[in-house]
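1. Sequence and predicted structure below; questions after.
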Amino acid sequence: MGNKSYFVKKIISGGQTGADRAGLDVAMELRLEHGGWVPKGRRAEDRMVPSRYQMRETFTHEYWERTQLNVMDSDGTVIFSRGPLKGGSKLTKDFCIKHKKPCIHIDFDETETLEAKRLFRQWILENSISVLNVAGPRASEDNNIYQLVKKFLLDALL
């Protein structure tokens, strides 16, 4: 694969169901490095982040801690949604602003997919994104987000 995936060499996330896991699965499929921070005990809405993901545990069970560490440890963050940002996704954007890290929000309800992919690729190149943090809703908040994010990232990174 090499530089077919632009600058992206590693994908990280918080390991949660939904958008986070889609990012990690894409990394594994494209043979990129993957990782990121997860809450202590590998806490996730489906009990535990599966061991196939090479993640680091934070010192607490708090989701906000891993969210902030993943923003800080990446070159930039892509946040996916269908509609306005809320909850952990909004917090992720707030941490990007606080730490002056590049951030792009892909709202599947607002932007046509081809245009979103073009904007995303341009953002990766302009910000020299090597370590990409993937964020967005968990599966219980949007049961289609995993498939949408996985397809988007596979198409956009190849």
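-> The structure has been received and is ready for your questions. Note that the structure is a prediction, hence the values are computed from the model and not measured.
2. and Thr67, what helix or strand is that in?
-> Take DSSP states H and E as the rule and Thr67 turns out to sit in helix 63-73.
3. what about the strands in the chain?
-> Here the chain has its strands, by DSSP state E, at 10-12, 33-35, 37-38, 43-44, 47-48, 56-57, 76-81, 103-107, 131-135.
4. Which one of the ones you listed lies nearest to Leu148?
-> strand 76-81 (7.1 Å; C-beta to C-beta). All C-beta atoms are positioned from the backbone trio N, CA, C, and that covers glycine.
5. So what are the sheet partners of that closest one and their directions?
-> strand 103-107 (parallel), strand 131-135 (parallel) (DSSP bridges).
6. Centroid-nearest residue for the protein?
-> In the chain, the centroid-proximal residue (C-alpha atoms, centre = their mean) is Val134; its distance is 0.7 Å.
7. can you tell me which residues contact it?
-> Each residue near Val134 by C-beta atoms under 8 Å, 6 or more residues apart in numbering is listed here: 11-13, 19-20, 22-24, 26, 77-78, 80, 149, 153.
8. Please spell out the segments of this structure that come in under the pLDDT threshold.
-> In the predicted model of the chain, residues 1-6 satisfy pLDDT under 70.
9. Which stretches in it count as helices?
-> 19-29, 63-73, 87-98, 113-126, 145-157 (DSSP state H).
10. any chance of the ones you listed in a markdown table, with mean neighbour count and distance to Ile106 too?
-> A markdown table is the format used below for the helices of the chain (neighbours: other C-beta atoms under 10 Å; distance: least, C-beta to C-beta, whole Å):
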| stretch | mean neighbour count | distance to Ile106 |
| --- | --- | --- |
| helix 19-29 | 24 | 10 |
| helix 63-73 | 21 | 16 |
| helix 87-98 | 17 | 11 |
| helix 113-126 | 14 | 5 |
| helix 145-157 | 19 | 7 |
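11. Could you dump those into TSV and include distance to Met48?
-> Below are the helices of the chain laid out as TSV (distance: least, C-beta to C-beta, whole Å):
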stretch	distance to Met48
helix 19-29	12
helix 63-73	14
helix 87-98	18
helix 113-126	30
helix 145-157	17
